[in-house]
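Undergrad: Could you look at this predicted model? Sequence included:
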Amino acid sequence: MNKKTLSRSRWRRSSHYWNAAFHTANVLFMLALMVVTLYPVVNTIAISFNDGTDALRGGIHVWPRAFSLESYRGVLSDEYVFSAFFISVSRTLIQTVLNLVLTSMLAYTLSRREFILRKFITTVFVLTMYVNAGLIPNYLLISRTLGLGKSYWVYIIPTMLSCFNMIVIRTYILNLPDALVESARIDGAGEFRIFWQIIAPLCLPVLATVALFVAVGAWNSWFDTHLYNAGKPKLHSLQYLLKMKLATTQASTNAAMSSTAALSAKPTSTPITIRAAITVISALPIMLVYPFLQKYFVVGLSIGSVKG
Amino acid sequence: MRRAKASTGTALPDRLGLSKHSFWHTLWQQRQLAFMSVPMLLYILLFSYAPLWGWLTAFMDYKPAKPMFDNAWVGLANFRWLFSRAEFMLAIRNTFMMSIITLVFNTVSAITLAVLLNEITARKFKRTVQTVTYLPHFLSWVIVVGLAQNMFATDGIVNAVLLRLGLIQSPLFFLGEGRYFWWLVGLIHIWKEAGWNSIIYLSAMSSIDPALYEAAEMDGAGRFKRIWHITLPGIKSTFVVLLVMNIGMLIGGQGDGNFDIPYLMGQNLLMDWSQTIDIFVLKYGISKGQYGRATAAGIFKSVVAIVLLFSANRIAKRLDEPTLL
């Protein structure tokens, strides 16, 4: 009896140490993970605020060595940066609003169990998630048949609906009490009014999530510019501008190195620091907004995944 | 009856003499719902189904200047051309290798992170880690590839750390040697998505009954036993659903990293390792104007994707797990 309690308490104590060791290791791992996640971002910010010629020496980590705003001056003097910023902001806003209104309206109609076209329309939409015509047929449709290439419309029109988001919103609406819609109908409200004044306000949490996803996707997209508007610099988006800098930086670094060495007294910017500055500018809106929206997308993601 | 309210006066179907229970009668009663959804139906038919006509170009020697049916039919010549090209075979290999590496890396990193986060009891610290690790998900692939190029450059931090630790004698040329490419793509995915992908596993873990853990502790199960026997079985169905979904997408598409990273990071030098089916399609279709051949490659991709999806779904069914289809 005595022996048994002794061994038990020893076991308890060893498991206590074991636990403490695990917790310490776990916390250290998480700290390391945060450093690995943040380092590339912080490093880029530091380089963007550093003098260009000085940055070529390397060795900048989390703080600029020779502080300079020259790279930002250089970026902002690029003739297409402002139009790119305008394109990115405007397409993000328009695409988000349009997509949200149309997708949620469709989701409402497809959540009405009595709607006679419900099954047919739902099937047509769900199938699009599995069958994709592919890049070339889509390209031919959009640029040749519809003539949307080389225009701003290509950012708006092909992106007005999204099937996955529709299913997420529909699932959310299906979980609302049916009585809401029925009593509104008895009071004589039309379908659009029910959707707009009763259902939409109740869907705000899921709509916020979907808005975040659509907005981030719109802000981050570069491929549509690349495919349809590459030849029109006025229609380039911020991400596409950055993509072009990525392609040219590697080649021009050596040239910059030799040409700027002579002028080291003057503040300079080089392709590396300019690229860092554009990266910061194009990531800034998301990094500023994102921490405040965290609670929404966590909720929304669980809705979409569990029942989608 | 939960039908939409009929309009006042004589309804159109009555005047047309339609029966009260016919399709058109109901549709007329629900015309407001129809007005709110049929335009979207037409939209999706145009943008997602009409392009399927374009598949016919895979069987033609298609020149976009001519009207579609003025082009000569060539049967399966485009497909024969594709499969006789070593370049296309390499593209298939690269697509699958990168997808499989990414899938394994993503799944393992997400589950590991979720399990470890789940063991953290300090709420504030947990939230901070989550906020930080979700962040890269919101950065564009263009930005992420730019960051990766800086980190993996010969004078970048990765080489610096490896040199300092004495693991290598001279800097490795990560970005310029084909044998590193696939693994680099996988590592970049972990950096960008591990935190994000862990959300879904964490939410699955939060629905595990806490009584199970208490009972296990009472019975003397240690931390690892609890993780092994309670946490991991608790996320099994989530794991299977995601696996099915991801296997369906194994062949990739624009917008996921397995198009964007190789396209943005690959150079001509690395083409044998970096060119995927999508990049092949883009190169032959858009740049070289060989629409028929490029579309044939696209069809091959779509067919493989559907076969993968259905087989994965079948396996999930056999395992008695919830499926997608």
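TA: Yep, it's here. Numbering: from 1, shown residues only, chains lettered A, B, ... in the order given.
Undergrad: hey, let's count contacts and neighbours off CA atoms from now on
TA: Will do.
Undergrad: A:L106 and chain B, how far apart?
TA: Using Cα to the nearest Cα, to the nearest Å, A:L106 is found at 5 Å from chain B.
Undergrad: That residue: which element?
TA: helix A:81-111 (DSSP states H and E).
Undergrad: just the CA coordinates of the following helix or strand past that helix, formatted as CSV?
TA: Using DSSP H and E, the helix or strand that follows helix A:81-111 in sequence is helix A:118-127. Extracted C-alpha coordinates of helix A:118-127, given in CSV (Å, rounded to 0.1, in the frame of the first residue of the first chain):
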residue,chain,number,x,y,z
ARG,A,118,-34.0,25.7,-56.9
LYS,A,119,-32.7,22.3,-57.7
PHE,A,120,-31.8,23.0,-61.3
ILE,A,121,-30.0,26.2,-60.6
THR,A,122,-28.1,24.8,-57.6
THR,A,123,-26.9,21.8,-59.7
VAL,A,124,-25.8,24.1,-62.5
PHE,A,125,-23.7,26.1,-60.1
VAL,A,126,-22.3,23.3,-58.1
LEU,A,127,-21.1,21.5,-61.3
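Undergrad: Need the three-state assignment for residue 147.
TA: If you meant another chain, say so; for now it's chain A. Following DSSP: H, G, I helix; E, B strand; the rest coil, the label given to A:G147 is coil.
Undergrad: tilt between the helix holding A:L106 and helix A:118-127?
TA: Here the directions of helix A:81-111 and helix A:118-127 differ by 140 degrees (axes from the mean of the first three to the mean of the last three Cα atoms, to 10 degrees).
Undergrad: Who are the packing partners of helix A:81-111?
TA: helix A:118-127, helix A:153-156, helix A:163-174, helix A:204-220, helix A:238-260, helix B:31-44 (3 or more Cα pairs under 8 Å, 6 or more residues apart in numbering or on different chains; DSSP states H and E).
Undergrad: swap the cut-off to 6 Å and go again
TA: helix A:163-174, helix A:204-220 (3 or more Cα pairs under 6 Å, 6 or more residues apart in numbering or on different chains; DSSP states H and E).
Undergrad: Just give me the residue closest to the centre of chain B.
TA: Closest residue to the average C-alpha location of chain B: B:M249 at 4.9 Å, with Cα atoms, centre = their mean.
Undergrad: what about A:T273, helix or strand, and which?
TA: With DSSP H and E as the test, A:T273 turns up in helix A:271-307.
Undergrad: for that helix, packing partners?
TA: Here helix A:271-307 touches helix A:2-48, helix A:70-77, helix A:204-220, going by 3+ Cα pairs under 6 Å, 6+ apart.
Undergrad: can you state the direction angle for it and helix A:81-111?
TA: Counting by the same axes, to 10 degrees, helix A:271-307 lies at 0 degrees to helix A:81-111.
Undergrad: mind checking how far helix A:271-307 is from the chain centre?
TA: Centroid separation for helix A:271-307 versus its chain: 5 Å, with Cα atoms, centre = their mean, to the nearest Å.
Undergrad: How about stretch B:44-54?
TA: Per Cα atoms, centre = their mean, the centroid offset for stretch B:44-54 relative to its chain is 21 Å.
Undergrad: and the residue nearest to B:M98 when sequence neighbours are not counted, how many neighbours does it have?
TA: Nearest non-adjacent residue to B:M98, counting by Cα to Cα, 6 or more residues apart in numbering or on different chains: B:W182, 5.5 Å away. Neighbourhood size, B:W182 [other Cα atoms under 10 Å in any protein chain shown]: 21.
Undergrad: So which residues on the stretch 101-250 of chain B come close to chain A?
TA: Contact residues, the stretch 101-250 of chain B versus chain A (Cα under 6 Å from any Cα of the partner chain): B:S140, B:V142.
Undergrad: Swap in 8 Å and give it another go.
TA: The stretch 101-250 of chain B has residues B:116, B:120, B:129, B:131-133, B:135-136, B:138-143, B:146-148, B:151, B:155, B:191, B:199-200, B:203, B:222-223 near chain A, with proximity defined as Cα under 8 Å from any Cα of the partner chain.
Undergrad: Just the buried ones out of the residues you listed, please.
TA: Buried subset of these (neighbour count, 16 or more other Cα atoms under 10 Å in any protein chain shown): B:116, B:129, B:131-133, B:135-136, B:138-143, B:146-148, B:151, B:155, B:191, B:199-200, B:203, B:223.
Undergrad: picking that back up, in terms of contact, does the residue nearest to B:M98 touch B:Q275 like I think?
TA: No - using Cα atoms under 8 Å, B:W182 makes no contact with B:Q275, being 10.8 Å away.
Undergrad: What's the first helix or strand after the helix ranked longest in chain B?
TA: For chain B, the longest helix by residue count, based on DSSP state H, is helix B:86-118. Going down the chain from helix B:86-118, the next helix or strand is helix B:123-134, by DSSP H and E.
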